[in-house]
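Chemist: Sequence unavailable; structure follows:
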Ligand SMILES: Cc1cc2nc3c(=O)[nH]c(=O)nc-3n(C[C@H](O)[C@H](O)[C@H](O)COP(=O)(O)O)c2cc1C
């Protein structure tokens with residue numbers, strides 16, 4: 001059964017579908033020294049048959065360094081048309097080339113095939129976040145197989161805070177997962 005927050009989120013995605021940037025999410029992670037780190041990523045759908053939110057990223061980037069030390073993460077998603085915010089918190093599972101689970105390994109491979117050529121090409125660029133060297137090559141075609149540092153990230157959500165500014169009065173709901181069941185409480189906004 002789908003988590004109860006999937007329905008309002010699916011509705012928000014549908015109603016904001018004309019805005020390409022409604023699929024951009026802010027993803028926060030925790031640095032080694034406890035400070036937050038935050039950046040924009042593209043929502044790549046939910047993993048089939050689960051409530052896990054899919055993202056892709058480069059294993060050489062700082063967020064992957066941070067996730068190796070602390071898997072906790074929170075996504076913050078604003079839908080401008082319906083004026084809703086979803087905050088989705090949980091743990092990120094990182095699926096890499098060495099991931100043994102065949103289903104997860106296949107999901108990573110399929111995600112690579114689904115990306116646009118422009119998105120795949122970014123993974124051929126030199127190390128992200130490093131000083132740019134003279135003559136650095138950004139023009140390599142993308143390989144058919146995902147490079148080792150291509151990561152599929154699965155945000156396994158255990159807490160959701162949904163705020164609807166458009167309702168009068170505003171509405172706020174909190175969803176908590178315990179084992180496999182969810183509880184929902186309406187909060188003061
Ligand atoms: C609109 C937009 C979409 C982005 N999508 C992604 C993405 O899907 N995955 C990703 O790793 N970085 C994406 N980025 C780049 C990140 O925001 C970030 O600059 C980069 O991943 C390095 O982050 P880090 O140093 O915290 O790892 C996107 C940036 C923007 C502005």
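Modeler: Sure thing, it's come through. Bear in mind that the values here come from a model prediction, so they are computed numbers and not experimental data.

Chemist: Where does the most centrally placed residue in the chain fall, secondary structure wise?
Modeler: Nearest residue to the geometric centre of the chain (C-alpha atoms, centre = their mean): residue 55, 4.0 Å. Assessed by DSSP states H and E, residue 55 sits inside strand 53-58.

Chemist: cool, residue 120 as well?
Modeler: Going by DSSP H and E, residue 120 is in helix 117-121.

Chemist: Equivalent analysis for residue 39, please.
Modeler: Here residue 39 is assigned to strand 36-42, by DSSP H and E.

Chemist: and that strand, what other elements does it pack with?
Modeler: strand 24-30, strand 53-58, helix 62-69 (3 or more C-beta pairs under 8 Å, 6 or more residues apart in numbering; DSSP states H and E). In this view, the C-beta of every residue, glycine as well, is placed from N, C-alpha and C.

Chemist: between it and strand 24-30, how big is the angle?
Modeler: Between strand 36-42 and strand 24-30, the angle comes out at 150 degrees (axes from the mean of the first three to the mean of the last three C-alpha atoms, to 10 degrees).

Chemist: what's the angle between strand 36-42 and strand 53-58?
Modeler: Using the same axes, to 10 degrees: strand 36-42 against strand 53-58 is 100 degrees.

Chemist: in strand 36-42, what's buried?
Modeler: residue 41 (16 or more other C-beta atoms under 10 Å).

Chemist: and this structure, which of its residues are near the ligand?
Modeler: 24, 37, 39-42, 55-58, 61-63, 128-129 (C-beta under 6 Å from any ligand atom).

Chemist: go again using 5 Å as the cut-off
Modeler: 24, 39-42, 57, 61-63 (C-beta under 5 Å from any ligand atom).

Chemist: Mind picking the two most distant members of those?
Modeler: 24 and 62 (18.7 Å; C-beta to C-beta).

Chemist: So for the longest helix along the chain, what gets flagged as buried?
Modeler: Criterion DSSP state H: the longest helix present in the chain is helix 102-114. Residues of helix 102-114 classed as buried by neighbour count (16+ other C-beta under 10 Å): 104-105, 107-109, 111-112.

Chemist: pretty sure residue 175 contacts residue 2?
Modeler: No - at 11.8 Å, residue 175 does not count as touching residue 2 under the criterion of C-beta atoms under 8 Å.

Chemist: Looking at these two, which has the bigger crowd around it?
Modeler: residue 175 (21 against 13; other C-beta atoms under 10 Å).

Chemist: Skipping adjacent residues, who's closest to the more buried one in space?
Modeler: Among residues not flanking residue 175 along the chain, residue 160 sits closest, at 4.1 Å (C-beta to C-beta, 6 or more residues apart in numbering).
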